[in-house]
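*Asks:* Below are the sequence and a predicted model for it; my questions follow.
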Amino acid sequence: MKRKYTKSTEAVAALTDEQRRVTQENGTERPFINEFHDHKQAGLYVDIVSGEPLFSSRDKFDSGCGWPSFTKPVEPNVVEKKDTSHGMIRTEVRSRYGDSHLGHVFSDGPRELTGLRYCINSAALRFIPAEKLEEEGYGEYAHLFAEGGSR
């Protein structure tokens with residue numbers, strides 16, 4: 001049975017002040033002082049609001065920017081929108097079902113992979129360790145972390 005991902009008032013109410021500011025008010029957390037910027041454990045990053053799968057640790061890289069950076073989403077659950085705030089033109093990324101502000105995507109990622117850098121706020125994410133995917137209802141992603149799993 002396929003899980004349904006939605007934004008609920010209960011999920012939003014359970015957010016910390018920082019998670020709410022980032023995901024619901026288009027905020028940005030401070031670089032280097034966030035939960036996942038140097039996180040190395042194998043697993044899946046999901047939207048803190050809807051639980052929809054967003055990024056795999058296999059696609060995470062150290063961009064030096066102070067936020068978690070990924071080369072691609074694990075599913076097409078990331079929506080891109082033009083962002084002209086703060087006197088810049090950027091591409092914002094939001095979760096499809098939770099409509100959470102995640103961060104931005106830039107074209108300065110590793111060229112040998114996608115050339116993209118999804119620069120994501122840790123406050124928008126919940127991490128599911130690879131060994132707990134089945135237990136947490138994300139068993140269909142376990143193959144990504146098996147020996148020789150595809151990137």
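*Replies:* Thanks, I have it. Numbers count the residues shown, from 1 in each chain.
*Asks:* can we go C-alpha only for contacts and neighbour counts from here?
*Replies:* Noted.
*Asks:* What pLDDT is listed against Arg3?
*Replies:* We have a pLDDT of 72 for Arg3.
*Asks:* okay, now it: neighbour count?
*Replies:* 9 (other CA atoms under 10 Å).
*Asks:* any idea which element it lies in?
*Replies:* Per DSSP states H and E, Arg3 falls between elements, in no helix or strand.
*Asks:* what about it, distance to Ser56?
*Replies:* 18 Å (CA to CA, to the nearest Å).
*Asks:* just checking, next helix/strand downstream of the biggest helix by length in the chain?
*Replies:* Under DSSP state H, the helix in the chain containing the largest number of residues is helix 17-25. Sequence-wise, the next helix or strand downstream of helix 17-25 (DSSP H and E) is strand 43-47.
*Asks:* Please point out which parts of the next helix or strand after that following strand sit buried.
*Replies:* Tracing the chain past strand 43-47, the next element assigned as helix or strand by DSSP H and E is strand 53-56. For strand 53-56, burial by neighbour count (16 or more other CA atoms under 10 Å) applies to Pro53, Leu54, Phe55, Ser56.
*Asks:* Need the pLDDT of the residue of the chain most remote from its centre.
*Replies:* Centroid-distance maximum for the chain: Gly87 at 24.6 Å, with CA atoms, centre = their mean. Looking at Gly87, its pLDDT reads 88.
*Asks:* Quick check: phi and psi at Glu135.
*Replies:* phi -60, psi -30 (degrees, to the nearest 10).
*Asks:* burial count for it?
*Replies:* 9.
*Asks:* what residue ranges in this structure score low on pLDDT?
*Replies:* 1-2, 148-151 (pLDDT under 70).
*Asks:* coming back round to it: return the member of the buried residues of strand 53-56 nearest to Gly139.
*Replies:* Of all the buried residues of strand 53-56, Gly139 sits closest to Pro53, with 11.5 Å by CA to CA.
*Asks:* How about the nearest residue to Lys60 once chain neighbours are set aside: which residues does it bridge to?
*Replies:* What sits nearest to Lys60 in space, not counting adjacent residues and going by CA to CA, 6 or more residues apart in numbering, is Phe70, at 4.2 Å. Beta-bridge partners of Phe70, counted by DSSP bridges, are Lys60, Tyr118.
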